[in-house]
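K.L.:
after the sequence you'll find the predicted model.
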Amino acid sequence: GQVVIVKSTLNPTQILPVELTMFTGYNNGNVNILNWTTASELNSLKFEVEKSTDGISFSYIGERPAAGNSSSPRSYDLTDPNPVLGNNYYRLKMIDRDMKFEYSNTINIKVKEIETAKEDVIISVYPNPTNGQLNVVYQATAAQKILLNVFNVIGQSMTNQSVSLMPGIHTLTVDA
């Protein structure tokens, strides 16, 4: 019996606030439904869902409060009411109580068809307030040309542009 003590030079293993076991989604008509499950949570605060149409630039679309502390499986869901034709990329931003965060893997929901709208409408504008890039989700009922004007809070015109659209839902990006 000899006892050998070896001092480790490795950093202690960091315990992740969330053990994500599943992140999936699917298209259901004019909405995309996202589902995720955690096996455990430690001091978790919330889940923010981010969306992208190019897989690179993501924007916040919604959030769900986390369980906080849990050692049993938890299920969450969020509906994206504004999918676009083609690729819809999503990721989770898992935030713990001390505001540290990690991102999930990115998933893609391909939308092949969206029901034809009955009227033209601006569905959403985000982020608001913006730090420069503004997204306008617009639903067009027919092929058309629109004039998009953006005004600041005191009514000054920040930008205007002419945009040609086909029927469907479009995300127009404006450098404000």
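P.N.:
Ah, there it is. Numbers count the residues shown, from 1 in each chain.

K.L.:
make it CA atoms for all contacts and neighbour counts henceforth
P.N.:
Noted.

K.L.:
would you confirm that residue 17 contacts residue 47?
P.N.:
No - assessed by Cα atoms under 8 Å, residue 17 is found out of contact with residue 47, at 11.5 Å.

K.L.:
roughly how far does the residue lying closest to residue 110 once chain neighbours are set aside sit from residue 131?
P.N.:
Using Cα to Cα, 6 or more residues apart in numbering and skipping residues adjacent in sequence, the residue nearest residue 110 is residue 87, 4.7 Å away. As judged by Cα to Cα, to the nearest Å, residue 87 and residue 131 stand 25 Å apart.

K.L.:
and for residue 153?
P.N.:
Counting by Cα to Cα, the gap from residue 153 to residue 131 is 14 Å.

K.L.:
could you do residue 109 as well?
P.N.:
As judged by Cα to Cα, residue 109 and residue 131 stand 28 Å apart.

K.L.:
of those two, who's got more company?
P.N.:
Remark: of residue 109 and residue 131, residue 109 carries more neighbours, 20 against 9, as counted by other Cα atoms under 10 Å.

K.L.:
ok, now which ones touch residue 134?
P.N.:
125-128, 173-176 (Cα atoms under 8 Å, 6 or more residues apart in numbering).

K.L.:
mind redoing it with 6 Å?
P.N.:
Taking Cα atoms under 6 Å, 6 or more residues apart in numbering, we find residue 134 in contact with 126, 173-174.

K.L.:
residue 35 too?
P.N.:
The contact partners of residue 35, taken as Cα under 6 Å, 6+ apart, are 23-25, 76-77.
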